[in-house]
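Student: Generate coordinates for the sequence data below:
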Amino acid sequence: MNRRSSLPSSSPSSSSASSYDRRGFLALAGAGALAGIGWTGMSTAAGEAPRPDARHAYIGGFTIGEYGLPGLPGIGIAAVGADGRLDVRRWQRGIENPSFLTLAPDGSRLYAVSQLPDGATGAVHAYRIDGDRLHPLGIPRSSAGAAPVHLAVHPEGRFLLTANYDSGHIAVLPVAADGSLAEAVTVVRHDGRGPHPEEQRGPHPHMIAFDPAGRRVLVPDKGDDHVHVYDFDSATGALRPAGRVRLGSGIGPRHLVFHPRGDLAYVTNELGHTVTVLSYAAGTGELRPVSHASVAPPGINPRNAPSAVHLTRDGGLLITADRGLDTVESFRVGNAGRSLALVESQPVTAKAPGTRWPRDVALDASDRYVYTANQAGQSVSAFRLDPATGRLTPAAPPLPVPSPSCVLLR
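Tutor: Numbering: from 1, shown residues only. Purely as a prediction, here's the structure:
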């Protein structure tokens, strides 16, 4: 998450080391130095791509647009076409700033944060999915902190956890048999900070991730440069600190994903513009840094901010997006998962970098389609992913959507 003052304009300043150097980027792009970077238009690859596994896409975002942008009407409910195109069918209204969405393990229910402005305590909403409609379940519950930005449901489906970015709180909410929520039974707060004068004045937990066994919870904290590990009691919802690892100084961990084997995790670093590979010991929960990879192509030093991260089911490709360059990236995973090599950096739209802000990425279960929520670009982009080469090509023109920040596939 970046605050409103952090969004770069179409002509960002290059006065500091962290600023995005647009002139340098355009010069290199004109010389062909960026290899994979360049809006390629519609795919012309030979052969027919398989249809996406998903049949519906749910689009979250800001009903009160950040950065002075227009707001979306509510949660967008879209049909996913055979060619990957999205078609918004309706909007689920009655929720403010549903900036992040997630599903129950069986896919029958949807949960959404309500990220209220001005430091207000947020909320979490529950819905039953009925075709292309959402039906509210119970009443919204407090997120037990300010600016909830992420949700995760335990694999058994009995608890939902949320990360509150502004206040630093992690909350555990029970899930009833009908999918409705109860008030939080556990609330913990991080208390660290980092060296960045604006983005790390205090703790900023940005994601909740269960380990493959569902025994532990991992929380990347952008504010204190650590990934925190908690033991999780699936009977009571209790969290017990089990360790943490510092990824660097001013690096800002944001999101993570586990390798299919469960012994490695990959973390996007919002302030360090890198992806860190971590080893994970399932017996103890210990994390250790293994390697780092830049999300920017060689020769580029942008003010960029990686967002979400996903792996294909075979663990062979990693997908993330970069706000600043405004690209979606694919990496080849090598060395038994311990190293990353950039394959392609594809612009999310044809516009100038620094103006699109792809805040979220979704990978279809087929591993053949990728979607980005371009918050400042007021659009959702769709790409085809070639699993053999890792190349990304646009699957459809960007879909106009006001202030999107999340794409959820089902």
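Student: partners of the helix or strand harbouring residue 245, with directions?
Tutor: Taking DSSP states H and E as the criterion, residue 245 maps to strand 239-246. Strand 239-246 sits in its sheet next to strand 226-232 (antiparallel), going by DSSP bridges.
Student: in the partner strand, what's buried?
Tutor: 226-230, 232 (16 or more other CB atoms under 10 Å). Placement of C-beta: from N, CA and C, glycine included.
Student: can you check stretch 330-345 too?
Tutor: 330-331, 333, 337, 340, 342-345.
Student: what about stretch 280-289, start to end distance?
Tutor: 9 Å (CA to CA, to the nearest Å).
Student: Tell me how many other residues crowd residue 135.
Tutor: 12 (other CB atoms under 10 Å).
Student: any idea how far it is from residue 102?
Tutor: 17 Å (CB to CB, to the nearest Å).
Student: and what of residue 377?
Tutor: Distance from residue 377 to residue 102, by CB to CB: 23 Å.
Student: next one: phi and psi at residue 66?
Tutor: phi -70, psi 160 (degrees, to the nearest 10).
Student: Give me the neighbour count for it.
Tutor: Residue 66: 23 neighbours (other CB under 10 Å).
Student: That one and residue 404, how far apart?
Tutor: From residue 66 to residue 404 the distance is 11 Å (CB to CB).
Student: Mutual contacts of the two, please.
Tutor: Overlap of the contact sets of residue 66 and residue 404 (by CB atoms under 8 Å, 6 or more residues apart in numbering) consists of residue 375.
Student: Would you mind giving the secondary structure of residue 187?
Tutor: strand (DSSP: H, G, I helix; E, B strand; the rest coil).
Student: correction: residue 67
Tutor: helix.
Student: Now stretch 369-387: buried residues?
Tutor: So, applying 16+ other CB under 10 Å, buried residues of stretch 369-387: 369-386.
Student: With stretch 136-144 instead?
Tutor: Buried residues in stretch 136-144 (16+ other CB under 10 Å): 137, 140-144.
Student: And for stretch 260-273?
Tutor: 263-273.
Student: pretty sure residue 336 belongs to a helix, no?
Tutor: Yes: under three-state DSSP, residue 336 falls within a helix.
Student: what's near enough to touch it?
Tutor: Counting by CB under 8 Å, 6+ apart, residue 336 has no contacts.
Student: ok, now residue 356?
Tutor: So residue 356 contacts 323, 326, 347-349, 374, 376-377, 379 (CB under 8 Å, 6+ apart).
Student: Geometric centre of the chain: which residue is closest?
Tutor: residue 308 (2.8 Å; CA atoms, centre = their mean).
Student: What pLDDT is listed against it?
Tutor: Predicted confidence (pLDDT) for residue 308: 97.
Student: Assign a three-state SS to it, would you?
Tutor: Under three-state DSSP, residue 308 comes out as strand.
Student: That one touches residue 268, doesn't it?
Tutor: Yes: counting by CB atoms under 8 Å, residue 308 touches residue 268, with 7.2 Å between them.
Student: Spit out the residues that contact these two alike.
Tutor: By CB under 8 Å, 6+ apart, the residues touching both residue 308 and residue 268 are 255, 320.
Student: and the buried residues of stretch 330-345, which of them are in strands?
Tutor: 330-331, 333, 340, 342-345 (DSSP state E).
Student: Residue 81: which of those residues is nearest?
Tutor: residue 330 (22.5 Å; CB to CB).
Student: Which strand residues bridge the closest one?
Tutor: residue 319, residue 344.
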